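1. one predicted model, sequence on top.
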Amino acid sequence: MRRDVRIEGRPEPKRGMRPLHVDDEPRSGYEEPGRRIRSRGESVEEAAAAFDRSLRDAGIRVGGFLPGGGGAPPGLLTVQAAAGAHRHSLRKSWPVLRFKGAPSELVGLLPGFELAAFSPGAGVRPHPRLRIVLRKPDRHWSRQAVGAVSDTYRLVQHREAVMLCLRSLERAGLRNDDLETELAFSALGEWMTCSFTLPRDGYGYRDQYGEDMDFRCEITNAVDGSSSLRLWFGWFRLVCSNGMMIFGKHGSVRKIHRHGLDLLWFERRVDQGLESVLEHHGTLNRWQQLPASRHEIARWVDDPVERKWGCHRAARVFSICASGFDLRIPGATPGPPSRLVDRIGPGDRERVPGSPEQAASRFDVVQALSWVASRHPNITDRIRRQGEIPALLDRLPAASPGRGPAP
């Protein structure tokens, strides 16, 4: 059976990182200068084989990634290369695999890990304060070193974190068959993120434009010390594929991997997050009722948004709020973000689905922030920027009395 997959990469990827394609036309390059996605029909087997070759070319010597050297992992959606890795430099141009399917199938794809003495071999005393993290062997991989951690590090298995979350969801009356599950992990498996989309009946939301939003539970974990164990609940707007995070009292939590880490808090937080749906509905309703003016948005993007996200992303946020269009901005375009909009030609603009021609409320502003954040090519940065949205929104001044959405 053939399925379409996508490998995202730069126009001139490194050796072994050739892009595969699925779309008939280039997709928007607004995520990063030079990033393009074209397409042609490509089977999962061919895509996964290219992934295997890219690992080898990157110097990762493992057995065949695929069962028997030819089969495809079940549920494979995307092999994302180039800047899509989870860390800035060390993982840059290494792939990230993305899967979609039933939780029971995806949990079986997660690798296991163990700690060992930090030593090059027999006869050499191991480091007294460091441990090496090893990926356990399976039928596709030999034992593989993936990182080094301190002796106070608490190893949390990916599978353990996912199963704890599933157990809490099951206690809330949600069966595995009710959950739409997506899983992504890095080339060596040391970093992973897993999201569960809850049923719309009972957990969904419809905004003022009549668009549906899904409630999601997401987990991120790393076994090499590069990321903390993190859990959050947020909303996914279907019309524009935005990931919008709402960090209320129980919206997000993170724990550092240290001795004494008690995973019971994890289950409790899942329970509390599920109970916070009505609180989130109240937040969404309040954002839709609070007006936003172009004048105040311009002042806001020129100050806190630019300082937090940089000039170009701030300009893109303002453009979406002011016109409903995203921008492709040349690399060295100076000036305040709110002034760059008028200097970008129509050929470098992209209509944002579901965005009004002019932001009239804080809800519209949140959608602009979410659109820009969710299109960051680096997965970790994408998650971090989505988490910064509520704090940025708090810095937006209230619309001045008598000042409407702006002409």
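-> Everything's here; your move.
2. CA atoms of stretch 233-241 as PDB?
-> C-alpha atoms of stretch 233-241 as PDB (Å, rounded to 0.1, in the frame of the first residue of the first chain):
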ATOM      1  CA  PHE A 233      -3.200  21.700  27.100                       C
ATOM      2  CA  GLY A 234      -4.100  24.000  24.200                       C
ATOM      3  CA  TRP A 235      -6.300  24.600  21.200                       C
ATOM      4  CA  PHE A 236      -5.900  23.700  17.500                       C
ATOM      5  CA  ARG A 237      -7.900  25.900  15.100                       C
ATOM      6  CA  LEU A 238      -8.800  23.700  12.100                       C
ATOM      7  CA  VAL A 239      -9.300  26.400   9.400                       C
ATOM      8  CA  CYS A 240      -5.700  27.600   9.600                       C
ATOM      9  CA  SER A 241      -3.900  24.700  11.400                       C
END
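3. buried set for it?
-> 233, 234, 235, 236, 237, 239, 240 (16 or more other Cβ atoms under 10 Å). To be clear about C-beta, it is placed using only N, CA and C from the backbone, and glycine gets the same treatment.
4. didn't the fourth one look like it was pressed against residue 216?
-> Translated: residue 236. Yes - contact criterion Cβ atoms under 8 Å: residue 236 and residue 216 qualify, at 5.4 Å.
5. host element of residue 288?
-> Under the criterion of DSSP states H and E, residue 288 resides in helix 277-289.
6. I'd like the average pLDDT over the next helix or strand after that helix.
-> Downstream of helix 277-289, the next assigned helix or strand under DSSP H and E is helix 294-300. For helix 294-300, mean pLDDT is 94.
7. please apply the same query to stretch 213-232.
-> What stretch 213-232 shows for mean pLDDT is 89.
8. endpoints of it, how far apart?
-> 16 Å (Cα to Cα, to the nearest Å).
9. ok, stretch 264-284 next?
-> First-to-last residue span, stretch 264-284, Cα to Cα: 30 Å.
10. distance from the chain centre to it, please.
-> Taking Cα atoms, centre = their mean, to the nearest Å, one finds stretch 264-284 lying 20 Å from the centre of the chain it belongs to.
11. low-scoring stretches of this protein, by residue?
-> Within the chain, the stretches with pLDDT under 70 are 1-95, 140, 241-251, 331-333, 378-380, 400-407.
12. could you chop it up by domain?
-> The record, using automatic domain parsing to delimit domains, assigns the chain the ranges 1-100, 113-150, 153-289, 290-394.
13. start and end of the third one, how far apart?
-> Start to finish, the residues bounding domain 153-289 are 46 Å apart (Cα to Cα).
14. repeat for the last one
-> Across its full length, domain 290-394 reaches 12 Å between end residues, using Cα to Cα.
15. looking at the protein, which residue ends up farthest from its center?
-> The centre of the chain is farthest from one residue, residue 123, which by Cα atoms, centre = their mean lies 43.8 Å away.
16. quick one on the thing from earlier: need the buried residues of stretch 233-241 in JSON lines with secondary structure and distance to residue 300, can you?
-> Listed next are these as JSON lines, based on DSSP: H, G, I helix; E, B strand; the rest coil; distance: Cβ to Cβ, whole Å:
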{"residue": "233", "secondary structure": "strand", "distance to residue 300": "26"}
{"residue": "234", "secondary structure": "strand", "distance to residue 300": "22"}
{"residue": "235", "secondary structure": "strand", "distance to residue 300": "22"}
{"residue": "236", "secondary structure": "strand", "distance to residue 300": "25"}
{"residue": "237", "secondary structure": "strand", "distance to residue 300": "21"}
{"residue": "239", "secondary structure": "coil", "distance to residue 300": "24"}
{"residue": "240", "secondary structure": "coil", "distance to residue 300": "21"}
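17. check contacts around residue 391.
-> By Cβ atoms under 8 Å, 6 or more residues apart in numbering, the contact set of residue 391 is empty.
18. re the thing from before, for the helix holding residue 288, which residues meet the burial criterion?
-> Result for helix 277-289 [16+ other Cβ under 10 Å]: buried residues 277, 280, 281, 283, 284, 287, 288.
19. okay, those in a markdown table with distance to residue 98 next?
-> Below are the buried residues of helix 277-289 laid out as a markdown table (distance: Cβ to Cβ, whole Å):
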| residue | distance to residue 98 |
| --- | --- |
| 277 | 26 |
| 280 | 26 |
| 281 | 29 |
| 283 | 29 |
| 284 | 28 |
| 287 | 30 |
| 288 | 32 |
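20. tell me the angle the top helix by length along the chain makes with helix 277-289.
-> Ranked by residue count, the top helix of the chain under DSSP state H comes out as helix 379-394. Helix 379-394 and helix 277-289 are oriented at 60 degrees to each other (axes from the mean of the first three to the mean of the last three Cα atoms, to 10 degrees).
21. and the residue lying closest to residue 135 once chain neighbours are set aside, how close does it get to residue 187?
-> Spatial nearest neighbour of residue 135, chain neighbours left out: residue 144 (4.3 Å); criterion: Cβ to Cβ, 6 or more residues apart in numbering. Look at residue 144 and residue 187: by Cβ to Cβ, to the nearest Å, they are 10 Å apart.
22. between those two, tell me which one has more neighbours.
-> The residue with more neighbours, out of residue 144 and residue 187, is residue 187; 23 against 18, by other Cβ atoms under 10 Å.
23. and the gap between the more buried one and residue 311?
-> Taking Cβ to Cβ, one finds residue 187 at 32 Å from residue 311.
24. send me stretch 310-320 as PDB with only the CA atoms.
-> Extracted C-alpha coordinates of stretch 310-320, given in PDB (Å, rounded to 0.1, in the frame of the first residue of the first chain):
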ATOM      1  CA  GLY A 310      12.500  39.900  16.300                       C
ATOM      2  CA  CYS A 311      11.700  42.500  13.700                       C
ATOM      3  CA  HIS A 312      10.500  40.200  10.900                       C
ATOM      4  CA  ARG A 313       8.200  38.000  12.900                       C
ATOM      5  CA  ALA A 314       6.800  41.100  14.600                       C
ATOM      6  CA  ALA A 315       6.100  42.600  11.200                       C
ATOM      7  CA  ARG A 316       4.400  39.400  10.000                       C
ATOM      8  CA  VAL A 317       2.100  39.500  13.100                       C
ATOM      9  CA  PHE A 318       1.200  43.200  12.400                       C
ATOM     10  CA  SER A 319       0.500  42.400   8.700                       C
ATOM     11  CA  ILE A 320      -1.900  39.600   9.600                       C
END
